[in-house]
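In: Please work out how this folds:
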Amino acid sequence: MFRSLAAVVGTNVRHAGQTFHMALIELKKTYASSSLGLVWAAVKPTLFILVYWFGIQFGIRGGKDDPGEPFLLWLIAGILPWFFISECLVQGGTSIRRHRHLVTKAVFPVATIPTITEISLFLVHLGLLVAATVVFAVTGRLTWAFLQIFYGAVCLFLLMWVLDLFFSALVVVSRDFEYFLKSAVQVLFWLSPILWRVDRIREYRWLYWIVRANPISYVIEVYRDAFFGRVCFVHTAQLACFWAEMIVGVLLACFVYKRLEGEFADIL
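Out: Predicted structure coming up:
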């Protein structure tokens with residue numbers, strides 16, 4: 001496992017410049033056919049936020065806000081990392097199969113393909129993050145605790161890199177994993193504390209700790225803590241759980257990838 005980790009990470013480090021350049025190209029190609037270009041990267045999440053805000057704030061909640069945290073701002077802080085997560089799971093998880101020409105018709109560092117897709121999506125995420133920061137700054141809610149957003153962004157990027165590497169290898173071997181990913185996105189959206197608060201299930205101890213152990217939940221809570229001026233590092237149990245999961249996850253993802261890498265060209 002450690003040899004696999006060294007090989008995969010080494011490949012990404014050696015080709016870092018090429019990877020970033022190709023990520024920019026992929027980002028441009030995604031919106032090249034539209035006249036508004038990258039504007040569409042902001043239109044979709046904005047409409048998504050407004051629809052959920054209106055439906056839940058005025059429909060389910062009857063226009064009520066929790067004390068000190070307007071629902072719209074609370075929703076923005078939590079759903080912001082989810083946009084990146086959902087896109088990464090689908091696009092990053094299928095990246096090697098979608099770029100099969102780089103595997104079968106060229107000498108190319110295949111281990112960088114999921115990273116290329118993730119970086120292109122992360123650049124969009126950074127743009128949305130800047131926009132959200134402006135919104136919170138205008139409302140006067142940003143404090144020194146907002147610096148934790150850099151830690152949250154690192155956690156988010158690492159989490160999705162591990163998942164993309166793992167699933168992109170499995171999707172090459174079986175299309176069933178691709179269909180699983182598309183279904184899992186919807187399930188994870190409702191099981192993660194994006195539209196609801198974790199404290200509301202505290203009485204169900206086993207469910208509460210399952211949600212807390214979910215690495216996606218951890219990243220979402222870090223983002224919310226950063227935007228709302230709370231210190232995320234006081235949750236030591238959840239922090240330790242997240243990084244333990246990352247250590248196990250990165251070793252497993254690299255091991256699975258290296259075991260399957262030799263079969264990619266024949267399968268594709």
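In: Go ahead and flag the most central residue of this protein.
Out: Nearest to the mean C-alpha position of the chain, counting by Cα atoms, centre = their mean, stands residue 85 at 2.6 Å.
In: Does residue 178 touch residue 93 like I think?
Out: Yes - counting by Cβ atoms under 8 Å, residue 178 touches residue 93, with 7.1 Å between them. Just so you know, the C-beta spots here come from the backbone N, C-alpha and C atoms, and that holds for glycine as well.
In: In the stretch 51-200 of the chain, where is pLDDT below threshold?
Out: Within the stretch 51-200 of the chain, the segments meeting pLDDT under 70 span 58-68, 106.
In: where along it do the helices fall?
Out: Secondary structure of the stretch 51-200 of the chain (DSSP state H, counting those that start in this stretch): helices located at 71-87, 95-98, 100-104, 113-138, 148-173, 176-191.
In: tell me which strands and helices the fourth one is in contact with?
Out: Contacting helix 113-138 under the criterion 3 or more Cβ pairs under 8 Å, 6 or more residues apart in numbering; DSSP states H and E are the following elements: helix 16-30, helix 39-54, helix 71-87, helix 95-98, helix 148-173.
In: One more pass at 6 Å, please.
Out: Contact partners of helix 113-138 among helices and strands, from 3 or more Cβ pairs under 6 Å, 6 or more residues apart in numbering; DSSP states H and E: helix 16-30, helix 71-87, helix 95-98, helix 148-173.
In: Next, the angle from the last one to helix 176-191.
Out: Same thing as helix 148-173. Angle between the axes of helix 148-173 and helix 176-191 is 150 degrees (criterion: axes from the mean of the first three to the mean of the last three Cα atoms, to 10 degrees).
In: follow-up on the earlier one: between the helices of the stretch 51-200 of the chain, which gets nearest to residue 260?
Out: helix 148-173 (4.7 Å; Cβ to Cβ).
In: and the closest one, how far from the chain's centre?
Out: Counting by Cα atoms, centre = their mean, to the nearest Å, helix 148-173 is centred 7 Å from the centre of its parent chain.
In: now do stretch 76-89
Out: 6 Å.
In: Please enumerate residues in contact with that stretch?
Out: Contacting residues not belonging to stretch 76-89 are listed as 45, 118, 121, 125, 132, 156, 160, 164, 181, 185, 194, 219-220, 223-224, 227 [Cβ atoms under 6 Å, 6 or more residues apart in numbering].
In: Those: which two are farthest apart?
Out: Within these, 181 and 227 form the most distant pair, 28.4 Å apart (Cβ to Cβ).
In: who has more neighbours, these two?
Out: residue 227 (27 against 20; other Cβ atoms under 10 Å).
In: so what's the more buried one up against?
Out: Residue 227 neighbours (Cβ under 6 Å, 6+ apart): 77, 136.
In: can you rerun that using 7 Å?
Out: Neighbour list for residue 227: 77, 136, 146 [criterion: Cβ atoms under 7 Å, 6 or more residues apart in numbering].
In: swap in residue 132?
Out: Contacts for residue 132 (Cβ under 7 Å, 6+ apart) come out as 76, 80.
In: Please repeat the previous calculation with a cut-off of 8 Å.
Out: For residue 132, the contacting residues are 76, 77, 80, 227, by Cβ atoms under 8 Å, 6 or more residues apart in numbering.
In: Over to residue 23?
Out: 115, 116, 117, 118, 119, 120, 123.
In: Which strand or helix spans residue 224?
Out: Residue 224 belongs to helix 215-227 when assigned by DSSP states H and E.
In: Would you mark the buried spots in the next helix or strand after that helix?
Out: Remark: after helix 215-227, the chain's next helix or strand is helix 236-261, criterion DSSP H and E. Within helix 236-261, the residues that count as buried by 16 or more other Cβ atoms under 10 Å are 238, 241-242, 245-246, 249-250, 252-258, 260-261.
In: No more questions from me, cheers.
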